[in-house]
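Q: okay, here's the prediction I keep looking at, along with the sequence it came from:
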Amino acid sequence: MTTARARAHSTGSLPSKDGADRRSPGWARFMGMLLILLSLISAAACYLVFSWWLPSDSERYQD
């Protein structure tokens with residue numbers, strides 16, 4: 001019977017003795033805040049489109 005060794009996901013090397021090599025918690029917090037900021041920007045853009053831009057275009061088309 002052949003035994004298989006666990007390999008790290010992207011490096012193809014064996015994991016270190018202290019567990020999987022992970023990025024610092026600060027990096028994860030930064031990426032989380034960046035994703036939240038991007039979602040808020042896109043939500044604000046959607047609000048502007050549906051509350052200001054589209055109604056003004058419909059008035060123009062009715063004329």
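A: Received it, and whenever you're ready, just let me know what you need. Numbering: from 1, shown residues only.
Q: regarding this structure, what is its longest helix?
A: helix 25-48 (DSSP state H).
Q: buried residues, that helix. List them.
A: Judged by neighbour count (16 or more other CB atoms under 10 Å), helix 25-48 contains no buried residues. The way it works is simple: take the backbone N, C-alpha and C, and place the C-beta from them, glycine included.
Q: what is the mean pLDDT for the helix or strand following that helix?
A: Later in the chain than helix 25-48, the nearest helix or strand by DSSP states H and E is helix 54-62. Taken as a whole, helix 54-62 has a mean pLDDT of 72.
Q: helix 54-62 vs helix 25-48, what angle?
A: For helix 54-62 against helix 25-48, the angle by axes from the mean of the first three to the mean of the last three CA atoms, to 10 degrees is 30 degrees.
Q: can I get the longest helix of the chain in CSV, CA atoms only?
A: The C-alpha trace of helix 25-48 is given here as CSV (Å, rounded to 0.1, in the frame of the first residue of the first chain):
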residue,chain,number,x,y,z
PRO,A,25,-4.1,38.5,10.1
GLY,A,26,-3.5,42.1,9.1
TRP,A,27,-3.4,41.1,5.4
ALA,A,28,-6.7,39.3,5.7
ARG,A,29,-8.2,42.3,7.5
PHE,A,30,-7.0,44.6,4.8
MET,A,31,-8.4,42.4,2.0
GLY,A,32,-11.7,42.2,3.9
MET,A,33,-11.9,46.0,4.3
LEU,A,34,-11.0,46.4,0.6
LEU,A,35,-13.9,44.1,-0.5
ILE,A,36,-16.3,45.9,1.8
LEU,A,37,-15.2,49.2,0.3
LEU,A,38,-15.6,48.0,-3.2
SER,A,39,-19.1,46.6,-2.5
LEU,A,40,-20.1,49.9,-0.9
ILE,A,41,-18.9,51.8,-4.0
SER,A,42,-20.8,49.5,-6.3
ALA,A,43,-24.0,49.9,-4.1
ALA,A,44,-23.7,53.7,-4.3
ALA,A,45,-23.3,53.5,-8.0
CYS,A,46,-26.4,51.3,-8.3
TYR,A,47,-28.3,53.7,-6.2
LEU,A,48,-27.3,56.7,-8.3
